[in-house]
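**Student:** Requesting a structural model of the entry that follows:
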Amino acid sequence: MTSRGSHRDGTSAAAAFMSSLDAKDASPHTKRAYRTAVEQYLTWLESVPSVDWTRPPRRTLRAYLAALDGRGLSRSTIGSRVAALRSFYRFCRRQAWVDGDPWAAVVTPRRSSRLPRVMEVDDVERLLDVIPGSAGHAVGRTWTPGIPEAIEIRDRAIVECAYAAGLRISEIAGARVGDVDLGHGEIRVLGKGRKERMGMLGGPARDALEGYLHVARPVLAEAGEGTAEALFLSSRGGALGTRGVRKRIDLLVKRAGLPEKTTPHTLRHSFASHLLEGGADLRVVQELLGHASLSTTQVYTHVSPGRLRSSYRAAHPRATDEHTPEATPPEEGGDPS
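**Tutor:** Predicted structure coming up:
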């Protein structure tokens with residue numbers, strides 16, 4: 001039988017768990033998500049009378065799921081929270097602080113099977129059109145922009161880069177100047193699990209990044225908190241974090257009159273969907289997205305009705321016009337259905 005602690009021991013266990021994530025070199029995003037999940041769970045347990053964190057009854061865990069749902073969290077977020085708690089209890093089991101994972105027997109809500117939101121190509125253009133000016137024309141000139149103009153040039157580079165390479169918001173914020181290879185049109189990306197991959201940069205993205213690096217970034221770097229390595233800088237010269245990226249994209253989305261649910265991740269969804277629509281191989285898209293499993297990439301394999309019709313007509317032996325009977329108009333007074 002293992003020795004069990006109090007709620008205070010739970011807090012100590014949580015701290016040890018977070019230290020173990022540091023040792024594994026987990027990404028900052030993962031560490032924040034796991035810390036939030038574990039700390040909020042232990043705090044909630046403290047409000048439940050006579051419940052030991054090492055062996056909470058199943059009804060208590062179901063009540064916690066109901067509490068998360070009552071806060072308006074999505075099924076996906078709830079699933080992620082439970083995954084973090086299971087990881088926490090497995091760690092505690094290895095330390096002999098608990099007998100097992102109480103969450104192992106709890107059925108969590110199934111994640112929604114809704115397709116990810118995808119922008120039309122014209123919507124991507126609308127998003128770019130609301131950014132004044134262009135960085136490309138500035139290369140080779142002696143013109144020096146002010147801070148507002150430098151921010152606009154940076155924003156264009158962010159949108160172009162995110163859409164061209166299918167970057168996550170954390171990958172945008174974590175990019176370094178040394179990761180960009182304009183000559184080969186590539187950007188080195190450190191993704192989930194700190195797995196490295198190469199992102200591709202098309203002509204517009206390369207032009208936007210070149211203009212930003214040569215014209216706008218030096219202006220931002222001189223603003224006071226110059227961060228030598230960060231690719232995208234804030235107006236104060238420091239690294240532009242995920243919150244800053246999201247705030248700027250939200251502003252551009254509002255300017256363009258796009259749906260409010262259009263997020264930085266929507267650009268990533270659109271990147272994948274547009275590649276597949278253009279005929280890219282699923283495994284190639286998997287590599288470009290940095291997905292560990294092909295099944296994760298398959299969510300993007302939804303096909304537009306237009307492409308379904310064109311593919312059918314091109315491939316089916318009896319889909320050509322000569323085999324397709326023309327619609328016969330209904331007799332006068334007949335039922336058109």
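**Student:** Am I right that R188 sits in a helix?
**Tutor:** No: with DSSP: H, G, I helix; E, B strand; the rest coil as the criterion, R188 is located in strand rather than a helix.
**Student:** ok, the closest residue to it other than its chain neighbours - how many residues close by?
**Tutor:** Take R188 and drop its neighbours on the chain: the residue closest to it by C-beta to C-beta, 6 or more residues apart in numbering is D179, 4.1 Å away. Quick note: C-beta positions are derived from backbone N, CA and C, even for glycine. D179: 18 surrounding residues under other C-beta atoms under 10 Å.
**Student:** quick one, what contacts D179?
**Tutor:** With contact set as C-beta atoms under 8 Å, 6 or more residues apart in numbering, D179 has these partners: I187, R188, V189, L231.
**Student:** who's in contact with the nearest residue to A239 once chain neighbours are set aside?
**Tutor:** Leaving aside its sequence neighbours, A239 sits nearest to A230 (C-beta to C-beta, 6+ apart; 3.5 Å). By C-beta under 8 Å, 6+ apart, the contact list for A230 reads A175, R176, V177, G238, A239, L240.
**Student:** out of these, who's nearest L288?
**Tutor:** Distance to L288 across those (C-beta to C-beta) is lowest for A175, with 15.7 Å.
**Student:** got a pLDDT number for the closest residue to that closest one other than its chain neighbours?
**Tutor:** Of all residues not flanking A175 in the chain, L231 sits nearest, at 4.0 Å (C-beta to C-beta, 6+ apart). Here the pLDDT value assigned to L231 is 94.
**Student:** Strands of this structure, start to end?
**Tutor:** If DSSP state E is used as the criterion, the strands of the chain fall at 180-181, 186-190, 196-200.
**Student:** now the ones you listed as CSV including distance to R117?
**Tutor:** CSV is the format used below for these (distance: least, C-beta to C-beta, whole Å):
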stretch, distance to R117
strand 180-181, 28
strand 186-190, 22
strand 196-200, 21
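**Student:** and those strands as TSV, adding mean neighbour count?
**Tutor:** Putting the strands of the chain into TSV (neighbours: other C-beta atoms under 10 Å) gives the following:
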stretch	mean neighbour count
strand 180-181	18
strand 186-190	19
strand 196-200	17
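**Student:** Tabulate these (CSV), appending mean pLDDT.
**Tutor:** Formatted as CSV, the strands of the chain follow (pLDDT from 0 to 100):
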stretch, mean pLDDT
strand 180-181, 94
strand 186-190, 90
strand 196-200, 90
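**Student:** Would you map the helices across the stretch 1-150 of the chain?
**Tutor:** For the stretch 1-150 of the chain, helices defined by DSSP state H, counting those that start in this stretch occupy the ranges 7-23, 28-46, 58-70, 75-94, 121-129, 147-165.
**Student:** whoops, the stretch 151-300 of the chain was the one
**Tutor:** Going by DSSP H, counting those that start in this stretch, the stretch 151-300 of the chain shows helices at 169-174, 203-211, 217-221, 242-256, 264-277, 282-289, 294-297.
**Student:** Show the secondary-structure elements that the first one is packed against.
**Tutor:** Helix 169-174 is packed against helix 28-46, helix 147-165, strand 186-190, helix 242-256, helix 264-277, with contacts defined by 3 or more C-beta pairs under 8 Å, 6 or more residues apart in numbering; DSSP states H and E.
**Student:** Comparing these, which stretch has the densest surroundings?
**Tutor:** helix 147-165 (a mean of 23; mean count of other C-beta atoms under 10 Å).
**Student:** What residues of stretch 85-98 count as buried?
**Tutor:** For stretch 85-98, a neighbour-count test (16 or more other C-beta atoms under 10 Å) marks L85, R86, S87, F88, Y89, F91, C92, W97, V98 as buried.
**Student:** Please identify which of those is nearest to L220.
**Tutor:** Comparing those against L220 with C-beta to C-beta places S87 closest, at 38.2 Å.
**Student:** can you pull the contacts of the closest residue to that closest one other than its chain neighbours?
**Tutor:** Distances taken as C-beta to C-beta, 6+ apart place Y34 nearest to S87, at 7.0 Å, with adjacent residues excluded. Residues counted as contacts of Y34 (C-beta under 8 Å, 6+ apart) are F17, M18, L21, A26, A84, S87, F88.
**Student:** quick one: which of these is nearest G166?
**Tutor:** When the contacts of Y34 are compared against G166 (criterion: C-beta to C-beta), the nearest one is A26, at 22.1 Å.
**Student:** Output the below-cut-off pLDDT ranges for the protein.
**Tutor:** For the chain, the stretches with pLDDT under 70 are 1-8, 109-116, 133-143, 224-228, 302-311, 320-337.
**Student:** Please parse it into its domains.
**Tutor:** 7-105, 121-301 (automatic domain parsing).
**Student:** okay, these in JSON lines with distance to A314 next?
**Tutor:** Converted to JSON lines, the domains of the chain look like this (distance: least, C-beta to C-beta, whole Å):
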{"stretch": "domain 7-105", "distance to A314": "36"}
{"stretch": "domain 121-301", "distance to A314": "12"}
